[in-house]
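Chemist: Fold the following and give me the result.
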Amino acid sequence: MGLRCTCSAVFSVSGDIITRIDGQESSGTFTVTGTICPNCRFSKNLIEVQYIDTNNSAFNFTAAFMDTSFPFCDSLEEGGEVVGITAQGTAAGEIFQGSATLSQIQFLENVDPFGNAVCAAAITANGHTFEQFTCAEGIVDIQFC
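Modeler: Below is the predicted model of the structure:
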């Protein structure tokens, strides 16, 4: 049945972003899909990530994160909602491969000037680091439980 969450989120986001990979600035298309706390229960969480780099195909990767922390949920004074989470999973790519850590990611709904977006993702795998510097917009639906 699972523990009760304070919020749930469903998201499907894709966009061109600026990133830093192993300290080197780059850019590419970042896609994030999944669910956090479906039906307000802490079970069956899934965050799927795909990154296609425009400069170096060795930076391309996919990752799936299912072992997540309990989400942080907040309503912002200036309007909108934010959900933050960390997770463990697996990455597949030329340099990003094997066990992966999503040390942060933020899902925004109705937050100016971003609208609905995924921001601030930080992923490590196989000794390599990926840091997201611009947000990717799309569908983010946050519900408080």
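Chemist: Going by C-alpha atoms from here, please, whenever you check contacts or count neighbours.
Modeler: OK.
Chemist: which SS class is the residue most central in space within the chain?
Modeler: Most central in the chain under Cα atoms, centre = their mean is residue 105, positioned 4.6 Å from the mean C-alpha point. Using DSSP: H, G, I helix; E, B strand; the rest coil, the structure places residue 105 in strand.
Chemist: pLDDT score assigned to it?
Modeler: pLDDT recorded at residue 105 is 95.
Chemist: Secondary structure element holding the residue lying closest to it once chain neighbours are set aside?
Modeler: Excluding the flanking residues, the one nearest residue 105 by Cα to Cα, 6 or more residues apart in numbering is residue 121, at 4.2 Å. Using DSSP states H and E, residue 121 sits within strand 115-125.
Chemist: Residue 95: what secondary structure?
Modeler: Residue 95, by the three-state scheme (three-state DSSP), is coil.
Chemist: Return the per-residue confidence for it.
Modeler: On the pLDDT scale, residue 95 gets 96.
Chemist: correct me, but it touches residue 124?
Modeler: No. Look at residue 95 against residue 124 with Cα atoms under 8 Å: they stay out of range, at 10.5 Å.
Chemist: From the neighbour counts alone, determine which of the two ranks first.
Modeler: A direct count of neighbours by other Cα atoms under 10 Å for residue 95 and residue 124 places residue 124 higher, at 20 against 17.
Chemist: circling back: can you give me the distance of the residue nearest to residue 105 to residue 129?
Modeler: 11 Å (Cα to Cα, to the nearest Å).
Chemist: Looking at the two, which is more packed in?
Modeler: residue 121 (21 against 18).
Chemist: residues contacting the more buried one?
Modeler: Residue 121 makes contact with 102, 103, 104, 105, 106, 130, 131, 132 under the criterion Cα atoms under 8 Å, 6 or more residues apart in numbering.
Chemist: Check the offset of the strand holding residue 121 from the chain's centre.
Modeler: Centroid separation between strand 115-125 and its chain, computed with Cα atoms, centre = their mean, to the nearest Å, is 4 Å.
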